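Undergrad: this one's structure only:
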């Protein structure tokens, strides 16, 4: 059998990088996940299903994926606006605003969780007026969504920004000279061009929100069936020494996340394949 | 449609890209804006299109058929603009690219689906791409992409067609082909067209009229014949092909060119002059009766491969003189390497030495964007990211 992975190339390091990549992915990523699957399989199919179909677990799944999806959608929209602002406008102090975008990356999640809770709690700066208006934010799914928006925003901005910077101004000029309005140009020319990075940004922000723990637990209130996210439920199981139960919930999350990201990646590669070349 | 520009200037951060331009583009003619890079030709084209605004001045105007369109936005001017790098919509097929201008029309003006289909295919047939309607731009060659861009611009039935270095990024053969094709297309459609180029050959071959630009000013406006045979300034002469430059001075109404002291022409005033002779305007003589009006030079390098024979001569002052001979003439006066012969200019142009131009150029370098700040910004950004 003649399997040829290596095409002739002047760039060195094929063997080294291939070996390192496989080792890295295998050791750091796949091994722990394999352990999860092996531990989880000890339960057997019925045991696994029993844990997963527990109403409390189902509710946590619904909450986690629902709020993460909402946060990712909102982030995609507003992240685009922020990225647009940062690439298209020039004014002194822009660099400062640019670096603020990265703050959620850098802050320990617990710190941001406490900060968000303080602000959005019924007695907080924003929480109080909202409470007066009849909207309860902290300790509800809305609060969870806000925390997830907070930690997911930089992902969208940082993936969309380079795409916007690379976009040739000529494309817009052509569109406008052909009689398109600014809105049509945005929808028919600019958005399709940056769609791949927009989808990537969405996927990253979504994935981060699904796995988020630190910044969510404080603002969530953690009421079973209502504001308890899956990550917290796993911790709870662990604290009760229910290792298998925790593993099963995690495995369920793993499978769902994997499927979702797989679909998103398919979408992403489909949308970018159209833009190749030229 | 006639296009008239009155007192148009454009300044970018103190850099004067255009300096009080007054021009008239005739109806139905193909006009070339010719000049080196940085001469302001693209800026001028973009101002005509409305993609760039001229400096706000009371008397500066852009007139289309006598109507002031200075304040009209790009979309309202009905211009077809073709970019050097095609600027095709990568996510749309060839058909969709060409149909774009029709599909974005307001619903009242928009043709029906069938009409759009018919119009697009008519255009695609015209640019000989009707068999490729469903391909993506990435599946086309450079020449095909530029033809799509042209069809797309023509789809909105523009009153003016503006082309910014349309053949600039194509290889020589495709370029020559597309050039002829563009001329033919223009002869069929008669749309008032302006195209920007830095390639003198292209301008001479394709256009009805050439506007030669340099440093934001117009050097000459004329037919290809006029600008080639009667260049108004030294710059035009230099830009439109190879030239031999001889420096001289005026003495007692005669221009004297150092070296073998050739008296060439009568001219008054200004002591310093330049004599410019095109390589093909030399006669090569093996012997002469007196050495007046000729340069004595030695053949240094002879290239016979090509449409004409190119000979490099070195004269007594070690100046390089370029001479182009037809193969016929070369056979009549066969010159071998090292032969000393006499070169007699049949035609020449005399220009006074100008100091002004040089100064202007110096200004430009001072006022260009500062590279140092750019680098500083980059380093800041890099440090922040890592």
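TA: That came in fine, so what should we check first? Fair warning: this is a prediction, and the values are worked out from it, not measured in the lab.

Undergrad: report the residue spans of the chain with pLDDT below the cut-off.
TA: You didn't pick a chain, so chain A it is. Scanning chain A for pLDDT under 70 picks out A:1-7, A:276-278.

Undergrad: hmm, no, I was thinking of chain B.
TA: Scanning chain B for pLDDT under 70 picks out B:250-271, B:291, B:353-386.

Undergrad: residues of it that sit close to chain A?
TA: Contact residues, chain B versus chain A (CB under 8 Å from any CB of the partner chain): B:49-51, B:73-75, B:79-81, B:83, B:85-91, B:100-101, B:104-105, B:136-139, B:145, B:152-153, B:155-156, B:380-381, B:384. C-beta here means a position set from N, CA and C on the backbone, and glycine is covered the same way.

Undergrad: now the residues you listed: which count as buried?
TA: Buried subset of the residues of chain B next to chain A (neighbour count, 16 or more other CB atoms under 10 Å in any protein chain shown): B:49-51, B:74-75, B:79-81, B:83, B:85-91, B:100-101, B:104, B:136-137, B:145, B:152-153, B:155-156.

Undergrad: returning to what we had before: in strands only, show me the residues of chain B next to chain A.
TA: Among the residues of chain B next to chain A, the ones falling in strands (DSSP state E) are B:79, B:80, B:81.

Undergrad: go through these and name the one nearest chain A.
TA: If you rank these by distance to chain A using CB to the nearest CB, residue B:81 comes first, at 4.5 Å.

Undergrad: now that closest one. Nearest residue, chain neighbours left out?
TA: Sequence neighbours aside, residue A:177 is the residue nearest to residue B:81 in space, at 4.5 Å (criterion: CB to CB, 6 or more residues apart in numbering or on different chains).

Undergrad: and the contacts of whichever strand or helix holds residue A:38?
TA: Using DSSP states H and E, residue A:38 maps to helix A:31-41. Outside of helix A:31-41, the residues within contact range by CB atoms under 8 Å, 6 or more residues apart in numbering or on different chains are A:48, A:243, A:244, A:247, A:248, A:250, A:251, A:254.

Undergrad: top helix in the chain by residue count?
TA: Assuming you mean chain A. With secondary structure taken from DSSP state H, chain A has its longest helix at helix A:55-88.

Undergrad: nope, chain B please
TA: Chain B, longest helix under DSSP H: helix B:172-189.

Undergrad: could you list the buried residues of that helix?
TA: Those would be B:175, B:178, B:179, B:182, B:185, B:186, for helix B:172-189 by 16+ other CB under 10 Å.

Undergrad: adjacent strands (with direction) for whichever helix or strand comes after that helix?
TA: For helix B:172-189, the following helix or strand on the C-terminal side (DSSP H and E) is strand B:192-197. Strand pairing for strand B:192-197, using DSSP bridges, gives strand B:30-34 (parallel), strand B:160-164 (parallel).

Undergrad: next one: whichever helix or strand comes after strand B:192-197 to chain centre, how far?
TA: Following strand B:192-197 in sequence order, the next helix or strand is helix B:200-206 (DSSP H and E). Remark: helix B:200-206 is offset 8 Å from the chain centroid, using CA atoms, centre = their mean, to the nearest Å.

Undergrad: what's in contact with helix B:200-206?
TA: With CB under 8 Å, 6+ apart, helix B:200-206 has contacts from B:30, B:32, B:34, B:167, B:175, B:179, B:182-183, B:195, B:197, B:210, B:224, B:227-228, B:239-241.

Undergrad: among those, name the buried ones.
TA: For the contacts of helix B:200-206, buried by 16+ other CB under 10 Å: B:30, B:32, B:34, B:167, B:175, B:179, B:182, B:195, B:197, B:210, B:224, B:227-228, B:239-240.

Undergrad: tell me the one of the residues you listed nearest chain A?
TA: residue B:195 (15.4 Å).

Undergrad: so what's that closest one closest to, chain neighbours aside?
TA: Computed as CB to CB, 6+ apart, the closest residue to residue B:195 that is not its neighbour in sequence is residue B:163, at 3.8 Å.

Undergrad: wait, what's in contact with the one you found?
TA: Taking CB under 8 Å, 6+ apart, one finds B:81, B:82, B:150, B:182, B:193, B:194, B:195, B:196 in contact with residue B:163.

Undergrad: distance-wise, check the first one relative to residue B:181.
TA: It stands for residue B:81. 19 Å (CB to CB, to the nearest Å).

Undergrad: nearest residue to the middle of chain A?
TA: residue A:205 (2.1 Å; CA atoms, centre = their mean).

Undergrad: now do the same contact list for that residue.
TA: If you count contacts by CB under 8 Å, 6+ apart, residue A:205 has them with A:71, A:72, A:75, A:76, A:79, A:152, A:153, A:155, A:156.

Undergrad: can I assume the first one is in contact with residue A:155?
TA: No: with the criterion set as CB atoms under 8 Å, residue A:71 and residue A:155 do not qualify as a contacting pair; they are 10.8 Å apart.

Undergrad: show me what contacts residue B:44?
TA: Going by CB under 8 Å, 6+ apart, residue B:44 touches B:5, B:8, B:18, B:21, B:23, B:33, B:213.

Undergrad: assumed the fourth one was part of a helix.
TA: No: the assignment for residue B:21, made by DSSP: H, G, I helix; E, B strand; the rest coil, is strand rather than a helix.

Undergrad: what secondary structure does the residue nearest to it when sequence neighbours are not counted sit in?
TA: Take residue B:21 and drop its neighbours on the chain: the residue closest to it by CB to CB, 6+ apart is residue B:8, 4.4 Å away. Taking three-state DSSP as the rule, one finds residue B:8 in the strand state.

Undergrad: ok, residue A:51 next?
TA: helix.

Undergrad: what's the neighbour count on it?
TA: 20 (other CB atoms under 10 Å in any protein chain shown).

Undergrad: before we move on, which element is the nearest residue to it once chain neighbours are set aside in?
TA: For residue A:51, ignoring the flanking residues on the chain, the nearest one in space by CB to CB, 6+ apart is residue A:248 at 4.0 Å. Taking DSSP H and E as the criterion, the element that holds residue A:248 is helix A:243-273.

Undergrad: next up, the contacts around the spatially closest residue to residue A:94 that is not a sequence neighbour.
TA: With sequence-adjacent residues excluded and distances taken as CB to CB, 6+ apart, residue A:94 is closest to residue A:86, at 6.8 Å. Applying CB under 8 Å, 6+ apart, we find residue A:86 in contact with A:94, A:97, A:98, A:101, A:157, A:161.

Undergrad: in the stretch 201-350 of chain B, what residue is nearest chain A?
TA: Nearest residue of the stretch 201-350 of chain B to chain A: residue B:202, at 21.1 Å (CB to the nearest CB).

Undergrad: distance of that residue from residue B:72?
TA: Counting by CB to CB, the gap from residue B:202 to residue B:72 is 30 Å.

Undergrad: okay, these two: which has more neighbours?
TA: Per other CB under 10 Å, whichever of residue B:202 and residue B:72 has more neighbours is residue B:202, with 21 against 14.

Undergrad: alright, that wraps it up for me.
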